[in-house]
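Enquirer: With the input below, show me the fold.
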Amino acid sequence: MDGDKHEAERKWRLKSPIPLGQAVAVAGVVIAALGLYVSYAQRQADKQQAELESQQRAQAQSILVLRGEGEGGRIRLIPANPDQVVQSQAIYFPAALRGGPVHITGDGRIDAGWFADGLKRALHGAADDGAERDLTVGVSTTFVQGGQVMTDNSLYQLGFTVHPRLLQGAEVSIEGIALGRRAVATPLQNAVDEAWVRQMAPKP
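Expert: Purely as a prediction, here's the structure:
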């Protein structure tokens, strides 16, 4: 029986194209190659993820957000990122309040006098109670960051109050400003006018 067993093993070895020892060695090489490939793929994925995160950080830093300083008759518009330098701005008000945008070179600002008369006519004294309300304005800003000139078109919510005065017309006071919507694709004048219609619509 043992002779038959040894004879069968000998015949199998003769018929087998690859000896068992070589098959084991080949399998080891394949496993090692797979390990290297998986390691390389993981490194490439990590590299791509790092590049993506770097691009996202750069994009986040290039986003312009304006904050308001001051109140009353005028507020200054200052980039929240100090690395951004404003070159010029165009401020869009609803067409019902003002005929066209106000263009500014250098540091930005909003003056209450730019829209106060139109606002008081449009409200017909309905807001002469000192309560703070919001007015949507469009701000197109050309600014420089890292040596590159960029443009931002955004909608902002301008907080205002209207106070009655004895023997004088009501006074419009600016209370602050907050970002409403960035990267506005439609013309800013159209977007501002649409917001004005919604804001003036009767409340249910």
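Enquirer: For the nearest residue to Asp83 once chain neighbours are set aside, list each beta-bridge partner.
Expert: Nearest in space to Asp83, with sequence neighbours left out and distances taken as Cβ to Cβ, 6 or more residues apart in numbering, is Gln145 at 5.7 Å. For the C-beta atoms, the positions are set from N, CA and C on the backbone; glycine is no exception. Gln145 forms beta bridges with Gln148, as assigned by DSSP bridges.
Enquirer: Quick check: Gln145 touching Pro82?
Expert: No - when contacts are counted by Cβ atoms under 8 Å, Gln145 is not listed as touching Pro82 (10.3 Å).
Enquirer: More neighbours: which of these two?
Expert: Gln145 (16 against 7; other Cβ atoms under 10 Å).
Enquirer: List the contacts of the residue nearest to Asp83.
Expert: Shown in contact with Gln145 (Cβ atoms under 8 Å, 6 or more residues apart in numbering): 61-62, 81, 83-85.
Enquirer: got a winner among those for most neighbours?
Expert: Gln84 (21 neighbours).
Enquirer: my guess is that residue meets Ile63, correct?
Expert: No - taking contacts as Cβ under 8 Å, Gln84 lies outside contact range of Ile63: 9.3 Å.
Enquirer: Burial check on the closest residue to Leu64 other than its chain neighbours, number of neighbours?
Expert: Leaving aside its sequence neighbours, Leu64 sits nearest to Asp152 (Cβ to Cβ, 6+ apart; 4.1 Å). Residues contacting Asp152 under the criterion other Cβ under 10 Å number 21.
Enquirer: Phi, psi for Asp152 please.
Expert: phi -130, psi 130 (degrees, to the nearest 10).
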